[in-house]
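1. what follows is a predicted protein model with its sequence.
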Amino acid sequence: MADKQSYWIADADGTRALVEGLDERDRWQRVHGWSEATAPDRHDFVWMRNENPDLGAARMAWEAAQLDAWTGRGWTPGAPPNPVNAATAHWPVIEETAPAETPAPKPAKSATSGDKKE
């Protein structure tokens, strides 16, 4: 299987990111509004990822990103973190469950007025 091609993309502010494959590039363009871009210049900001996924992503100037202090510690250009919708991020995660059985409806009582005659 051939390696996926890498694509530079940029957000509206010009921050660049390197993504792998057409599907990933298209997802960032169509869903998140990024556009295809040229390779970064020394003053451009880029998203960097570490080989340790627990460290997440970091945004830094391309000139700094190429220093041994970063590359020597496993940082390489990569995809930005997935956007979070701040309006709903605090909502608890609700797991879907099967609906409970609803009890059979009770027969309606007849409406009468006055005293009952026996």
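-> Done, it's in.

2. residue 60 contacts residue 42, doesn't it?
-> No - with contact defined as CB atoms under 8 Å, residue 60 does not reach residue 42; the gap is 11.8 Å. Backbone N, C-alpha and C define where each C-beta goes, glycine included.

3. quick one: residue 106 is in a helix?
-> No - per DSSP: H, G, I helix; E, B strand; the rest coil, residue 106 lies outside any helix segment and is coil.

4. so for stretch 64-81, what gets flagged as buried?
-> Judged by neighbour count using 16 or more other CB atoms under 10 Å, the buried positions of stretch 64-81 are 65, 66, 70, 75, 77, 78, 79, 80.

5. tell me how far the nearest residue to residue 22 once chain neighbours are set aside lies from residue 23.
-> Closest residue in space to residue 22, ignoring its immediate chain neighbours: residue 5 at 7.4 Å, by CB to CB, 6 or more residues apart in numbering. Residue 5 sits at a distance of 11 Å from residue 23 (criterion: CB to CB, to the nearest Å).

6. thinking again about what came up before, which one of the buried residues of stretch 64-81 sits closest to residue 32?
-> Proximity of those to residue 32 was ranked by CB to CB; the top entry is residue 80 with 8.6 Å.

7. state the distance from the residue nearest the centre of the chain to residue 62.
-> Nearest to the centroid of the C-alpha atoms of the chain, with distances taken as CA atoms, centre = their mean, sits residue 82, at 3.0 Å. Distance check for residue 82 against residue 62: by CB to CB, it reads 22 Å.
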